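[1] Here's my sequence, what's the structure:
(one chain, ligands or ions: 1)
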Amino acid sequence: MSRTILIVEDELAIADSIAYALRTDGFTPLHVTLGGQALDAMRAPDVPALIVLDVGLPDMNGFEVCRLLRQFSNVPVIFLTARSDEIDRIVGLEIGADDYVTKPFSPRELVARIRVVLRRLAPAPAAAPRFELREPEARVIYRGQPLDLTRYEYLLLKALLEHPGHVLSRAQLMDRVWADAPDTLDRTVDAHVKSLRAKLRLVDPAADPIQTHRGMGYSLAPA
Ligand code: CA
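    Coordinates of the predicted model:
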């Protein structure tokens, strides 16, 4: 996403203080003084990520700029207002503003608001699938990394993966995983869950996808 923030403000001292706060926070300010220039900037190839729009501009008011802008752009807009009747119009009218700040304001507070609006609109990062079961290879990929599992650890994880969110009792797990092993005990299941968890922790120390249900069994936590 572009780091450019368009400032539309005819008072140079205010524009300068906003630009300074934006640069300090790693943004690239772009300043214009007229509504018409703002609309031109939004038709340029490198479109700003957000507009800080003063309501009182020399050529047209900010509401009119926003109305024209909304005909071709969904760019977030934060209004700068000087008077309470302007706030009433921002709040009361469907003009497509994302937030507003009243003068006098702290430029740092404005930049914090800008961050909030941009975060709200940012698409969620595409996460790698948590688990990928590759049955022909008898392998599980966890967070993009192949796990080095023993035969029973693999079968145990496969059983849990095939029933996500379902609690499987130790007896059910023994049936599925240790069907060919005659002498298994409840604690065999527990020991293998423990070693499996240790291997999962090597990949993602912060996560524990296997949930223990005391007296009942184990389940795979929902992603
Ligand atoms: Ca003004």
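[2] okay, CA-based contacts and neighbour counts for the rest of this
    Noted.
[3] Of all the residues in the worst-scoring helix or strand of the chain on mean pLDDT, which ones are buried?
    Between all helices and strands in the chain, the lowest mean by mean pLDDT, DSSP states H and E belongs to helix 84-92, at a mean of 72. For helix 84-92, the neighbour count (16 or more other CA atoms under 10 Å) marks 86-87, 90 as buried.
[4] Without its sequence neighbours, what residue ends up closest to whichever residue of the chain sits closest to the ion?
    Nearest residue of the chain to the ion (CA to the ion) works out as residue 56 at 4.1 Å. Once flanking residues are discounted, residue 56 sits nearest to residue 62: 6.3 Å by CA to CA, 6 or more residues apart in numbering.
[5] Now for the one you found: which residues touch it?
    Residue 62 is in contact with 35, 53-56, 79, counting by CA atoms under 8 Å, 6 or more residues apart in numbering.
[6] Near the ion, which residues of the chain are found?
    56-57 (CA under 5 Å from the ion).
[7] quick one: low-confidence ranges for this structure?
    Low-confidence segments of the chain, defined by pLDDT under 70: 1, 91-93, 123-128, 182, 184.
[8] For it, just list every one of the strands.
    4-8, 28-32, 50-54, 77-81, 99-102, 131-134, 139-142, 145-146, 210-213, 217-220 (DSSP state E).
[9] Neighbouring strands of the third one in the sheet, and parallel or not?
    Same thing as strand 50-54. Next to strand 50-54 in the sheet, as set by DSSP bridges, lie strand 4-8 (parallel), strand 77-81 (parallel).
[10] export the ones you listed to TSV and tack on mean neighbour count?
    Formatted as TSV, those follow (neighbours: other CA atoms under 10 Å):
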stretch	mean neighbour count
strand 4-8	23
strand 77-81	22
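[11] Including distance to residue 19, could the ones you listed go into JSON lines?
    JSON lines is the format used below for the strands paired with strand 50-54 (distance: least, CA to CA, whole Å):
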{"stretch": "strand 4-8", "distance to residue 19": "8"}
{"stretch": "strand 77-81", "distance to residue 19": "14"}
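[12] Nearest to residue 179, out of the ones you listed?
    strand 4-8 (61.7 Å; CA to CA).
[13] Name the surrounding residues that touch that closest one.
    Outside strand 4-8, the residues touching it (CA under 8 Å, 6+ apart) are 15, 18-19, 27-35, 38, 47-54.
[14] got the angle between that strand and strand 28-32?
    With axes from the mean of the first three to the mean of the last three CA atoms, to 10 degrees applied, the angle from strand 4-8 to strand 28-32 works out at 30 degrees.
[15] Using CSV, write out every CA atom in strand 4-8.
    Once non-C-alpha atoms are left out, strand 4-8 reads as follows in CSV (Å, rounded to 0.1, in the frame of the first residue of the first chain):
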residue,chain,number,x,y,z
THR,A,4,1.6,8.7,0.7
ILE,A,5,-0.9,10.8,2.6
LEU,A,6,-2.5,13.7,0.7
ILE,A,7,-3.0,16.9,2.9
VAL,A,8,-5.5,19.3,1.5
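[16] Report the distance from that strand to the chain centre.
    Relative to its chain's centre, strand 4-8 lies at 23 Å (CA atoms, centre = their mean, to the nearest Å).
[17] Then stretch 7-19?
    Centroid separation for stretch 7-19 versus its chain: 30 Å, with CA atoms, centre = their mean.
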